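Participant: when you get a sec, could you give me coordinates for this:
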Amino acid sequence: MTTAFTWQGRNDTEETGDTSRWHHRVRPFNDQAQGGVALIGFAVDEGVRRNGGRPGAAQGPQALRSALANVPVLGEPALWDAGDVIGEGQSLEDAQSELAIRVARAMAQGSRPLVLGGGHEVAWGSFQGLMRARPDLQRPLIINLDAHFDLRQAAQGNSGTPFRQMADWCQAQGRPFHYHVLGISRFANTRALFDRAAHLGVHHVLDEHLQTADHLAQAQSDLAQALEQCDGVYLTACLDVLPGTLAPGVSAPATLGVPLGHVETLIDQIMASGRVLLSDIAELNPSLDEAGRTARVAARLAARMARAG
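Facilitator: Predicted structure coming up:
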């Protein structure tokens, strides 16, 4: 059972100047909250279980908050904590619907949601919340930093199906499906998934093509065009896009992965566009983490996303 998180951490009582850290600044999200960034936990890993992965990501939101607590405040906007969606005792689909409601509520109050997963099934709930809050969007751009397409066909939604579910929704609504995924591994996706991505017009960049500065620059050029043409961005980052040595605490650690510096460069570019309406971080599994390495890198990415607000 996940309990409410208590924000606490280091106090530099003998230091001079501003020594604020996240645990000093985060406040409970309520009806009076306006603007800033709203953290919403998705304490669920039923999608990982359904997908045959290694469960444990339900504890990810708490571990990520713990890692964020001592991060220094350096330009962050107002920080709110809207609590966790708890998967225990309800179906995955109900949890995703509840997440959608919370995302839409935060956006209605002018806050940018930053969702803390949870398995990557979090993405289907996040996207539903975005479209509930912004039905006016005509060309939303979905950007996924991930080793996997997550376009699987399955009788039940799971951590491998969220972007296929988005594609189906867009088709049913007569809307374009603009999906860019950066960090795809040729050794973690079947031919069926590559073929489906091609059929759906998905733009992807392989992990092996994001290893050098020249390749990164090309990916950034393509990304700049997509950002220019969209009217809103949903950014989602699966921690298995990173090398497994840096992020072991995920369901499927990467053997190669994209260097952290390159992932951060891409995040900075996306956030600097000013078009990000919603972001999330998925797949943090504390039960598989080693010395909290994955939680710390997840906190670094989360703070980076928040500071751009």
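
Participant: so after the host helix or strand of Asp94, what's the next helix or strand?
Facilitator: For Asp94, the host element (DSSP states H and E) is helix 92-108. As assigned by DSSP H and E, the chain's next helix or strand after helix 92-108 is strand 112-117.

Participant: and that next one, what does it pack onto?
Facilitator: Here strand 112-117 is seen to pack against strand 37-43, helix 60-68, helix 92-108, helix 122-133, strand 276-282, helix 293-307 when contacts are counted using 3 or more Cβ pairs under 8 Å, 6 or more residues apart in numbering; DSSP states H and E. Just so you know, the C-beta spots here come from the backbone N, C-alpha and C atoms, and that holds for glycine as well.

Participant: quick one: average pLDDT of the fourth one?
Facilitator: In this case it means helix 122-133. Across helix 122-133, pLDDT averages out at 98.

Participant: picking that back up, quick one: closest of the helices and strands packed on strand 112-117 to Val115.
Facilitator: If you check each of the helices and strands packed on strand 112-117 against Val115 by Cβ to Cβ, strand 276-282 wins as the nearest, at 3.5 Å.

Participant: Leu266 is in contact with Leu223, correct?
Facilitator: Yes - here Leu223 reaches Leu266: they are 7.0 Å apart, a contact under Cβ atoms under 8 Å.

Participant: which neighbours do the two have in common?
Facilitator: By Cβ atoms under 8 Å, 6 or more residues apart in numbering, Leu223 and Leu266 have these common neighbours: Leu182.

Participant: state the distance from Gly53 to Asp45.
Facilitator: Per Cβ to Cβ, to the nearest Å, Gly53 is found 8 Å from Asp45.

Participant: cool, and Leu278?
Facilitator: Distance from Leu278 to Asp45, counting by Cβ to Cβ: 21 Å.

Participant: what do you get for Ala308?
Facilitator: 28 Å.

Participant: the more surrounded of those two?
Facilitator: For Ala308 versus Asp45, neighbours defined as other Cβ atoms under 10 Å are more numerous around Asp45 (30 against 20).

Participant: quick check, that one in contact with Gly118.
Facilitator: Yes - here Asp45 reaches Gly118: they are 6.6 Å apart, a contact under Cβ under 8 Å.

Participant: quickly list what's touching both of the two.
Facilitator: Both Asp45 and Gly118 are in contact with Ala57, Ala58, Gly60, where contact means Cβ under 8 Å, 6+ apart.

Participant: tally of neighbours for Asp18?
Facilitator: When counting by other Cβ under 10 Å, one arrives at 10 neighbours for Asp18.

Participant: for it, which three-state class applies?
Facilitator: What DSSP: H, G, I helix; E, B strand; the rest coil gives for Asp18 is coil.

Participant: quick one, what contacts it?
Facilitator: With contact taken as Cβ under 8 Å, 6+ apart, Asp18 is in contact with Val73.

Participant: over to it: give its phi and psi.
Facilitator: The phi and psi values for Asp18, taken as degrees, to the nearest 10, are phi -80, psi 110.

Participant: ok, it to Ala38 distance?
Facilitator: Computed as Cβ to Cβ, the Asp18 to Ala38 distance reads 23 Å.

Participant: just Leu116 next, same as before
Facilitator: Between Leu116 and Ala38 the distance is 11 Å, computed by Cβ to Cβ.

Participant: and for Cys170?
Facilitator: According to Cβ to Cβ, Cys170 stands 25 Å off from Ala38.

Participant: who has more neighbours, those two?
Facilitator: Applying other Cβ under 10 Å to Cys170 and Ala38 shows that Ala38 carries more neighbours, namely 24 against 19.

Participant: any idea what that one is bridged to?
Facilitator: Per DSSP bridges, the residues bridged to Ala38 are Trp80, Pro113.

Participant: any low-confidence regions in this protein?
Facilitator: Across the chain, residues meeting the criterion (pLDDT under 70) sit at 1-3, 89-90, 309.

Participant: buried residues in stretch 280-295, which are they?
Facilitator: Asp280, Ile281, Ala282, Glu283, Leu284, Asn285, Pro286, Leu288, Asp289, Arg293, Thr294, Ala295 (16 or more other Cβ atoms under 10 Å).

Participant: hang on, the fifth one packs against Gly56?
Facilitator: Looking back up the chat, that one is Leu284. No - with contacts defined as Cβ under 8 Å, Leu284 does not count as touching Gly56, sitting 9.1 Å away.

Participant: spell out the residue ranges of the strands in the stretch 101-250 of the chain.
Facilitator: Under the criterion DSSP state E, counting those that start in this stretch, strands of the stretch 101-250 of the chain are mapped to 112-117, 140-145, 178-184, 203-206, 232-238.

Participant: packing partners for the third one?
Facilitator: Translated: strand 178-184. In terms of contacts (3+ Cβ pairs under 8 Å, 6+ apart), strand 178-184 is packed against strand 140-145, helix 162-173, strand 203-206, helix 213-229.

Participant: perfect, I'm done here.
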